[in-house]
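*Asks:* Provide a 3D model corresponding to the input given below.
(2 chains)
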2 protein chains.
Amino acid sequence: MKFEITILGSGAATPTLGRHCSAQAINIGGFHILLDCGESTQTQLRYCRQRLQSFSLIFISHLHGDHLWGLPGMLASMHLCGRTEPVDLFAPPGLKTLLDMLFDLSDTRLAYELRIHELQQTSPTEVFRNDQCSVVAFPLHHSVPTYGFIFEEATPYLNIRKEAIQQYNITADECRLLKLGKDLERPNQPLVPNSQLTHPRRPARRYAYCCDTAFADDIAPTVAGVDLLCLESTFDNSRSDLAEQRRHLTTTQAATIAKEGNVKQLLLTHFSARYKDISTLIAEAQVIFPNTQAAADAASFEIPITNAPV
Amino acid sequence: MKFEITILGSGAATPTLGRHCSAQAINIGGFHILLDCGESTQTQLRYCRQRLQSFSLIFISHLHGDHLWGLPGMLASMHLCGRTEPVDLFAPPGLKTLLDMLFDLSDTRLAYELRIHELQQTSPTEVFRNDQCSVVAFPLHHSVPTYGFIFEEATPYLNIRKEAIQQYNITADECRLLKLGKDLERPNQPLVPNSQLTHPRRPARRYAYCCDTAFADDIAPTVAGVDLLCLESTFDNSRSDLAEQRRHLTTTQAATIAKEGNVKQLLLTHFSARYKDISTLIAEAQVIFPNTQAAADAASFEIPITNAPV
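*Replies:* Presented below is the predicted three-dimensional model:
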């Protein structure tokens, strides 16, 4: 099952020619989620050959413009391109009033239902679940109310042992039930426990996103052990004063969170427009957390399946 | 003196990879004006190598999102990049309330003065004048309050006749006064009238912009005789019902306005995203008004100086 993150924008407050403002598209087993929606997100989706209409779930981390100002156009284009399916939108309080006013002024009436869910949680809370995934929201530490998110794929199916298929001559219907964790039950035959027929369940993959935030001790335990942790790192380590003042992370702080949280991989994003070349930022992070990558516009990151059991 | 229009976006409601939403940059003798500000305008400015901070005057034709939703990011980036010079912004009523709310929600406080002027004129009215140009606003006929604009360069200097310079041995200071229209006055010598020393004054160049609007009889007389007329032509002629319903122009209607207004050149823009190739739209307009060109993103159109006297 696919678990892929496509970077639509990896820049901070001001877009450059190389980096648009924050936005990501997540594909979990064919279910598409939009995460933040900076200006030009709809154009970036076209550029990355992602269908506008495939997104029925949108998360906005906070109401700063560089994470938000592509949203009105995105929602309007969905309408203009004929959408009738509802869209669920999670964001901190205030967005509904804002969108109502924007759409009222521009005489825009969406032909689909836009269901806005205001995030007001004060601790990590599951806010969404369907057959493909679940999403936990948790508060971050920025200058306005801001949320981080953990996206977790649904409990993976069990894999049946090859030798069991031959030994028991397992049918397609029985396969389906075994993958879900049922035992093998046949009339007039002794029950065979699921654990004898399947491999141990692999762990569900998890992707965490924290953008924007100041450094805080509660982030690492919240995202502990995720497969991929995407953190903002607006500034290099020499600008820690600026980072503190604007409530952003430095590369070193981001890498420290990744290390303390013992995550599998770190993905840095939200680079200040002052950096033409971010290789020194990545190098700084890698000193503390070697498995660090840099987000780049239009790049995709697949979270691989690991077969280690839970 | 330069009089150049750079197209930042030439598409209609939904941006495509080839056409961004409406925005244009006008350069009149080094004075820079932004005209509409669809999503991605600030990125398009960078792409066209135009300085964000060079714009101190912005006109928004109407409050539909495809002409507007690049503005919050543009204004915020001006602030983030250190602007202190004021910006004058002309737009139909409602924008001030909207921007106040947006900036309040996103905790944005501009370090420069944003002076918002609400357009409420019911007939063509001069709304701006400085040493380089003047701007007339006039109401159009769209589904929300919408304004067209005529940009006129300041009264051109007079050109002094070559033979007069030699005959009268004219000094640099006298040159300056003659160009402004003064007569040649020297102590104890008879006055030489300006008209004997200078060529007839060339006409001031004018650029008119009407986007968006339904067809109406009052547009042609308002823009009559301009050097370059930019009109929306969202639809081809076969979609005149759709154009009427959505209060847009067809190619044929746009060309008819240009012909009736006896303008020098027509520039079509605001093409519906349904048209991958607009050559047939241009051909339709050229049947009625041959001197028709098509706007394209990042293309520039210079209005040439013609020496025909007023």
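
*Asks:* secondary structure class for whatever residue of the stretch 201-310 of chain A ends up closest to chain B?
*Replies:* For the stretch 201-310 of chain A and chain B, the shortest gap (CB to the nearest CB) falls at A:Ala273, measuring 8.5 Å. Bear in mind the C-beta positions are built from the backbone N, C-alpha and C, glycine included. Following DSSP: H, G, I helix; E, B strand; the rest coil, A:Ala273 is assigned to coil.

*Asks:* confidence score at it?
*Replies:* According to the prediction, A:Ala273 has pLDDT 93.

*Asks:* quick check: beta-bridge partners of the closest residue to A:Phe301 other than its chain neighbours?
*Replies:* Residue nearest to A:Phe301 in three dimensions, not counting chain neighbours: A:Ile5, with 4.8 Å by CB to CB, 6 or more residues apart in numbering or on different chains. Bridge pairing for A:Ile5 (DSSP bridges) gives the partners A:Ile26, A:Phe301.

*Asks:* how close does the residue of the stretch 201-310 of chain A closest to chain B get to A:Cys21?
*Replies:* Relative to A:Cys21, A:Ala273 is positioned 10 Å away (CB to CB, to the nearest Å).

*Asks:* among these two, which residue is more densely surrounded?
*Replies:* In this view A:Ala273 and A:Cys21 are compared by other CB atoms under 10 Å in any protein chain shown, and A:Cys21 has more residues nearby, 32 against 17.

*Asks:* how much space separates that one from A:Ala208?
*Replies:* For A:Cys21, the distance to A:Ala208 equals 20 Å [CB to CB].

*Asks:* who touches both of A:Ala273 and A:Cys21?
*Replies:* Any residue near both A:Ala273 and A:Cys21 by CB atoms under 8 Å, 6 or more residues apart in numbering or on different chains counts here, and that gives A:11-13, A:15.

*Asks:* closest one to A:Gln167 out of those, please.
*Replies:* Nearest to A:Gln167 among the shared contacts of A:Ala273 and A:Cys21: A:Gly11, at 56.5 Å, using CB to CB.

*Asks:* tell me what the helix or strand containing A:Ser77 is packed against?
*Replies:* Element membership for A:Ser77 (DSSP states H and E) is helix A:71-80. Packed against helix A:71-80 by the contact rule (3 or more CB pairs under 8 Å, 6 or more residues apart in numbering or on different chains; DSSP states H and E) you find strand A:31-37, helix A:41-47, helix A:95-105.

*Asks:* next one: it to chain centre, how far?
*Replies:* Centroid displacement of helix A:71-80 relative to its chain, using CA atoms, centre = their mean, to the nearest Å, is 21 Å.

*Asks:* could you check the angle it makes with strand A:31-37?
*Replies:* Helix A:71-80 and strand A:31-37 meet at an angle of 140 degrees, taking axes from the mean of the first three to the mean of the last three CA atoms, to 10 degrees as the criterion.

*Asks:* how about the residues of chain A by chain B?
*Replies:* A:13-17, A:20-21, A:39-40, A:42-43, A:46-47, A:63-66, A:68-70, A:72-73, A:76-77, A:80-81, A:94-95, A:97-98, A:101-102, A:105-108, A:143-144 (CB under 8 Å from any CB of the partner chain).

*Asks:* could you tell me which of those count as buried?
*Replies:* A:13-16, A:20-21, A:39-40, A:42-43, A:46, A:63-66, A:68-70, A:72-73, A:76-77, A:80, A:94-95, A:98, A:102, A:105-106, A:108, A:143 (16 or more other CB atoms under 10 Å in any protein chain shown).

*Asks:* using PDB, write down the CA coordinates of the helix or strand following the helix holding A:Ser77.
*Replies:* Remark: after helix A:71-80, the chain's next helix or strand is strand A:87-91, criterion DSSP H and E. Provided in PDB are the C-alpha atoms of strand A:87-91 (Å, rounded to 0.1, in the frame of the first residue of the first chain):
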ATOM      1  CA  VAL A  87     -14.700  18.300   1.600                       C
ATOM      2  CA  ASP A  88     -13.600  18.100   5.300                       C
ATOM      3  CA  LEU A  89     -11.400  20.900   6.400                       C
ATOM      4  CA  PHE A  90      -9.600  20.900   9.800                       C
ATOM      5  CA  ALA A  91      -8.000  24.200  11.000                       C
END
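
*Asks:* which stretches of chain A have low pLDDT?
*Replies:* Low-confidence segments of chain A (pLDDT under 70): A:307-310.

*Asks:* who's sitting farthest from the centroid in it?
*Replies:* Taking CA atoms, centre = their mean, the residue of chain A most remote from its mean C-alpha position is A:Asn188, at 48.3 Å.

*Asks:* wait, what's in contact with that one?
*Replies:* By CB under 8 Å, 6+ apart, A:Asn188 lies in contact with nothing.

*Asks:* quick check: which element contains it?
*Replies:* A:Asn188 is part of no helix or strand when elements are defined by DSSP H and E.

*Asks:* mind listing the strands for chain A?
*Replies:* In chain A, the segments counted as strands under DSSP state E are A:3-9, A:23-28, A:31-37, A:55-59, A:87-91, A:114-118, A:125-129, A:133-139, A:147-153, A:206-210, A:228-232, A:265-269, A:292-294, A:300-302.

*Asks:* would JSON lines of these with mean neighbour count and distance to B:Pro86 be doable?
*Replies:* Shown next, in JSON lines, are those (neighbours: other CB atoms under 10 Å in any protein chain shown; distance: least, CB to CB, whole Å):
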{"stretch": "strand A:3-9", "mean neighbour count": "23", "distance to B:Pro86": "30"}
{"stretch": "strand A:23-28", "mean neighbour count": "24", "distance to B:Pro86": "32"}
{"stretch": "strand A:31-37", "mean neighbour count": "24", "distance to B:Pro86": "30"}
{"stretch": "strand A:55-59", "mean neighbour count": "21", "distance to B:Pro86": "36"}
{"stretch": "strand A:87-91", "mean neighbour count": "22", "distance to B:Pro86": "33"}
{"stretch": "strand A:114-118", "mean neighbour count": "15", "distance to B:Pro86": "36"}
{"stretch": "strand A:125-129", "mean neighbour count": "15", "distance to B:Pro86": "43"}
{"stretch": "strand A:133-139", "mean neighbour count": "21", "distance to B:Pro86": "38"}
{"stretch": "strand A:147-153", "mean neighbour count": "24", "distance to B:Pro86": "36"}
{"stretch": "strand A:206-210", "mean neighbour count": "27", "distance to B:Pro86": "37"}
{"stretch": "strand A:228-232", "mean neighbour count": "28", "distance to B:Pro86": "32"}
{"stretch": "strand A:265-269", "mean neighbour count": "25", "distance to B:Pro86": "34"}
{"stretch": "strand A:292-294", "mean neighbour count": "20", "distance to B:Pro86": "38"}
{"stretch": "strand A:300-302", "mean neighbour count": "14", "distance to B:Pro86": "44"}
